[in-house]
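Student: coordinates for the following, if possible.
(one chain, ligands or ions: 1)
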Amino acid sequence: MGSPDLNGQATHDFIVVGSGAGGGPLAANLTEAGFSVLLLEAGDEHICPYYQVPIMQARASEDADMRWDFFVWHYADRDKRERDPKYVEKEDGILYPRGATLGGSTAISAMITLYPSNSDWEYLASLTGDDDWSPDAMRRRFERLESWRGPDPDPAHPTRPGDGSHHGYNGWLPISRANPKIASREPWFLEIINAIDAESRATYHTPEDVVLPNDPNDSRFVENRGEGMILVPVAVGDGNRHGSRERILAAQRKRPDKLEIRPPLAGVRSALRGRSRCRRGLPLRRTPLHGRPECSRRTWPWLSPEGLCSARGDPRRRGIQHASDSDAVGHRPSGRA
Ligand SMILES: Cc1cc2nc3c(=O)[nH]c(=O)nc-3n(C[C@H](O)[C@H](O)[C@H](O)COP(=O)(O)OP(=O)(O)OC[C@H]3O[C@@H](n4cnc5c(N)ncnc54)[C@H](O)[C@@H]3O)c2cc1C
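Tutor: Presented below is the predicted three-dimensional model:
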């Protein structure tokens, strides 16, 4: 855990707020790099079959012990947003659940793991002026985190390192997809799949010798802006959900002395548990936490402003340096899942 400072209080090298897709892997990477990390997570490690069993995903997103209900606006214009059939008048918004448990929203997500378009990375690189967002740099990161389990579209020619697919095989996140052969157990399902196959070939002029469904995470498919039938890759390994929670717990098993996970404030968890209608984050603990004078915020942008810094006033006045600041953070609560 953190080392004691002159006042005998534990000081951590890093404090990470939120254990979701952003904070979880960050905390784990820092831990494995030998830093002492305090991970503040408002939810707890709720365990239930809905969490683990992929097909129960929809139920997981409704589990009051793992979710946190937000209500968002899709339009700034009041008239427009009230015309949305999903608008809930009492809550003045549209239901937008988020995960509130160890692993954040990756604990209730549908596990779909699709590699983004390269044009997205190019846009981010030009927006930030940082080549670390370039398609090549981001693909290397994907290869590092992925543990591709297949099955490949063409079982006769499975993907392998160095074949141009740029899948990763040794990362921490298992990614697999349903085996189309399973469909043959149910004739109607098989008929549907065959119909989709035929429609896709006709629409995208796919030759008969190309095996469908495509693999949308194959780098060649991404580079060619591939279109047509795909089978959705999911973050599932050995039949179980995988996400930030597994990454965090694996790092903690390796370095139990380096990673401490705590709620931000006593009572925060029970506040979350009541389907809280929240637009803003939750209050932070009142007892002091000691990190080095640099703060690391990695929660969903909405939650983060209330996360470490804004609840305590301007962080710069507390000697916390911002690595970067963005007007967008916390100002556009209109995200789309
Ligand atoms: C139902 C659902 C299905 C989804 N399906 C998919 C999918 O199939 N594929 C896909 O790519 N994406 C999916 N997403 C989106 C994806 O899960 C999120 O984009 C991603 O998890 C966001 O990561 P994050 O770290 O920013 O936030 P989150 O993962 O939401 O993590 C934020 C964490 O911070 C904690 N927190 C908040 N405030 C505080 C505080 N003050 N102190 C301490 N902790 C705090 C929360 O409890 C939470 O654990 C889905 C999301 C939902 C809700």
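Student: could you pull out the helices for the stretch 51-200 of the chain?
Tutor: 57-60, 78-83, 118-128, 135-145, 187-204 (DSSP state H, counting those that start in this stretch).
Student: what's the closest non-adjacent residue to the residue in the stretch 101-250 of the chain that the ligand sits nearest to?
Tutor: For the stretch 101-250 of the chain and the ligand, the shortest gap (Cβ to the nearest ligand atom) falls at G104, measuring 2.4 Å. Where you see a C-beta, it was placed from the backbone N, CA and C, and this is true even at glycine. Nearest residue to G104 in three dimensions, chain neighbours excluded: G20, at 2.2 Å (Cβ to Cβ, 6 or more residues apart in numbering).
Student: assumed the one you found was part of a helix.
Tutor: No. Secondary structure of G20 (DSSP: H, G, I helix; E, B strand; the rest coil): coil, not part of a helix.
Student: follow-up on the earlier one: of the helices of the stretch 51-200 of the chain, which is nearest P263?
Tutor: helix 57-60 (20.7 Å; Cβ to Cβ).
Student: ok so, going back, check contacts around the residue of the stretch 101-250 of the chain closest to the ligand.
Tutor: If you count contacts by Cβ atoms under 8 Å, 6 or more residues apart in numbering, G104 has them with 18-24, 41, 43, 98, 244, 299-300.
Student: next: V222.
Tutor: By Cβ under 8 Å, 6+ apart, the neighbours of V222 are Y115, S117, N118, P216.
Student: for S119, same thing?
Tutor: Contacts of S119 (Cβ under 8 Å, 6+ apart): none.
Student: go on, G228?
Tutor: S200, R201, T203, Y204, T206, L212, P213, N214.
Student: returning to what we had before: which ones, among the contacts of G104, also lie beside the ligand?
Tutor: G18, S19, G20, A21, G22, G23, E41, G43, R98, T299, W300 (Cβ under 6 Å from any ligand atom).
Student: most neighbours, which of those residues?
Tutor: Using other Cβ atoms under 10 Å as the neighbour test, the ones next to the ligand among the contacts of G104 are led by S19, with 33 neighbours.
Student: that one reaches L102, doesn't it?
Tutor: Yes. In this structure, S19 is within contact of L102 by Cβ atoms under 8 Å, at 5.4 Å.
Student: need the residues touching each of these two.
Tutor: Common neighbours of S19 and L102 (Cβ under 8 Å, 6+ apart) are E41, G43, S244, R245, I248, I261.
Student: and those residues, which of them are in helices?
Tutor: Taking DSSP state H, the ones among the shared contacts of S19 and L102 that sit in helices are S244, R245, I248.
Student: on that earlier part again, from the contacts of G228, keep the buried residues only.
Tutor: S200, R201, T206, L212, P213, N214 (16 or more other Cβ atoms under 10 Å).
Student: now render the residues you listed as TSV, adding pLDDT.
Tutor: Putting these into TSV (pLDDT from 0 to 100) gives the following:
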residue	pLDDT
S200	96
R201	96
T206	92
L212	90
P213	91
N214	93
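Student: grab the nearest non-local neighbour of R255.
Tutor: T31 (5.1 Å).
Student: good, wrapping up.
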